[in-house]
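Undergrad: dropping the sequence and predicted coords here.
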Amino acid sequence: MNIKKGDNVIVIAGKDRGKTGKVVRAFPAQNRAVVEGVNILKRHEKPRRQGAKGQIVSVPMPLHISNIMIVDPKSGKRTRLGKKLVGERYVRVSKKSGSEL
(Lines give C-alpha, C1' and ligand atoms only; values in the text may rest on other atoms or scores of the structure.)
Protein backbone atom coordinates (compact mmCIF):
# COMPACT_ATOMS: atom_id res chain seq x y z
CA MET A 1 0.00 0.00 0.00
CA ASN A 2 1.51 3.33 -1.12
CA ILE A 3 -0.67 5.62 0.99
CA LYS A 4 0.44 6.43 4.53
CA LYS A 5 -0.73 8.53 7.46
CA GLY A 6 -0.13 12.24 6.87
CA ASP A 7 -0.23 12.08 3.05
CA ASN A 8 -2.27 14.65 1.14
CA VAL A 9 -4.68 12.80 -1.14
CA ILE A 10 -7.49 13.52 -3.60
CA VAL A 11 -10.63 11.40 -3.98
CA ILE A 12 -10.97 10.13 -7.57
CA ALA A 13 -14.22 8.14 -7.29
CA GLY A 14 -17.43 8.13 -5.29
CA LYS A 15 -19.73 10.77 -3.82
CA ASP A 16 -16.83 12.93 -2.59
CA ARG A 17 -14.94 12.93 -5.90
CA GLY A 18 -12.59 15.90 -6.27
CA LYS A 19 -12.21 16.59 -2.54
CA THR A 20 -8.76 16.67 -1.02
CA GLY A 21 -7.63 15.96 2.52
CA LYS A 22 -4.99 14.50 4.77
CA VAL A 23 -4.87 10.80 5.63
CA VAL A 24 -5.73 10.51 9.31
CA ARG A 25 -5.43 6.75 9.61
CA ALA A 26 -4.42 3.90 7.30
CA PHE A 27 -5.54 0.26 7.39
CA PRO A 28 -3.03 -1.68 5.22
CA ALA A 29 -4.61 -5.08 5.91
CA GLN A 30 -7.96 -3.92 4.49
CA ASN A 31 -6.46 -1.55 1.85
CA ARG A 32 -8.41 1.38 3.31
CA ALA A 33 -7.64 4.83 4.65
CA VAL A 34 -9.56 7.50 6.58
CA VAL A 35 -9.29 10.94 4.95
CA GLU A 36 -10.01 14.13 6.89
CA GLY A 37 -13.33 15.73 5.86
CA VAL A 38 -14.24 13.02 3.33
CA ASN A 39 -16.81 10.17 3.46
CA ILE A 40 -18.57 11.56 6.53
CA LEU A 41 -21.31 9.37 8.00
CA LYS A 42 -23.94 10.54 10.49
CA ARG A 43 -24.25 8.20 13.46
CA HIS A 44 -27.13 8.33 15.93
CA GLU A 45 -25.98 7.85 19.52
CA LYS A 46 -28.20 6.85 22.39
CA PRO A 47 -28.06 8.86 25.60
CA ARG A 48 -25.39 7.49 27.95
CA ARG A 49 -27.02 8.56 31.21
CA GLN A 50 -30.61 8.75 32.27
CA GLY A 51 -32.09 12.16 31.54
CA ALA A 52 -29.45 12.99 28.89
CA LYS A 53 -30.34 13.50 25.23
CA GLY A 54 -29.19 11.41 22.30
CA GLN A 55 -27.21 13.08 19.55
CA ILE A 56 -26.16 12.78 15.93
CA VAL A 57 -22.38 12.53 15.48
CA SER A 58 -20.48 12.92 12.19
CA VAL A 59 -17.89 10.14 11.82
CA PRO A 60 -15.33 9.90 8.97
CA MET A 61 -15.39 6.40 7.48
CA PRO A 62 -12.55 4.64 5.62
CA LEU A 63 -12.24 4.75 1.82
CA HIS A 64 -10.70 2.05 -0.35
CA ILE A 65 -7.26 3.10 -1.55
CA SER A 66 -8.25 2.52 -5.18
CA ASN A 67 -10.52 5.56 -4.82
CA ILE A 68 -7.81 7.97 -3.66
CA MET A 69 -4.52 9.22 -5.13
CA ILE A 70 -1.56 11.15 -3.76
CA VAL A 71 -1.44 14.90 -4.49
CA ASP A 72 1.80 16.11 -6.07
CA PRO A 73 3.47 18.64 -3.72
CA LYS A 74 4.65 20.89 -6.59
CA SER A 75 1.70 20.99 -9.00
CA GLY A 76 -1.17 20.14 -6.63
CA LYS A 77 -2.54 17.57 -9.08
CA ARG A 78 -2.94 13.85 -8.53
CA THR A 79 0.03 11.63 -9.26
CA ARG A 80 1.29 8.09 -9.09
CA LEU A 81 4.25 7.07 -6.94
CA GLY A 82 7.64 5.63 -7.70
CA LYS A 83 10.67 4.68 -5.62
CA LYS A 84 14.17 6.11 -5.81
CA LEU A 85 17.32 4.97 -4.03
CA VAL A 86 18.76 7.82 -1.96
CA GLY A 87 21.83 6.81 -0.01
CA GLU A 88 21.05 3.43 1.50
CA ARG A 89 17.26 3.61 1.51
CA TYR A 90 14.36 4.03 -0.88
CA VAL A 91 12.13 7.09 -0.80
CA ARG A 92 8.70 7.65 -2.37
CA VAL A 93 8.86 9.92 -5.41
CA SER A 94 6.12 11.67 -7.39
CA LYS A 95 5.95 10.45 -11.01
CA LYS A 96 4.81 13.87 -12.32
CA SER A 97 7.41 16.19 -10.80
CA GLY A 98 10.01 13.78 -9.41
CA SER A 99 9.83 15.40 -5.96
CA GLU A 100 10.16 13.33 -2.80
CA LEU A 101 7.21 12.76 -0.50
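TA: Sure, I can see it.
Undergrad: and the strand of greatest length in the chain, what does it pack against?
TA: Longest strand of the chain, by residue count under DSSP state E: strand 20-27. Packed against strand 20-27, as judged by 3 or more C-beta pairs under 8 Å, 6 or more residues apart in numbering; DSSP states H and E, are the following elements: strand 8-11, strand 32-35. C-beta: built from backbone N, CA, C; applies to glycine.
Undergrad: buried residues in that strand?
TA: In terms of neighbour count (16 or more other C-beta atoms under 10 Å), strand 20-27 has its buried residues at 20-21, 23, 26.
Undergrad: contact partners of it?
TA: Strand 20-27 is contacted by residues 1, 3-11, 32-38, 60, 62, 71 when judged by C-beta atoms under 8 Å, 6 or more residues apart in numbering.
Undergrad: quick one: low-confidence parts of the protein?
TA: Applying pLDDT under 70 to the chain picks out no residues at all.
Undergrad: now residue 66, what's its secondary structure?
TA: helix (DSSP: H, G, I helix; E, B strand; the rest coil).
Undergrad: ok, it to residue 18 distance?
TA: Counting by C-beta to C-beta, to the nearest Å, the gap from residue 66 to residue 18 is 16 Å.
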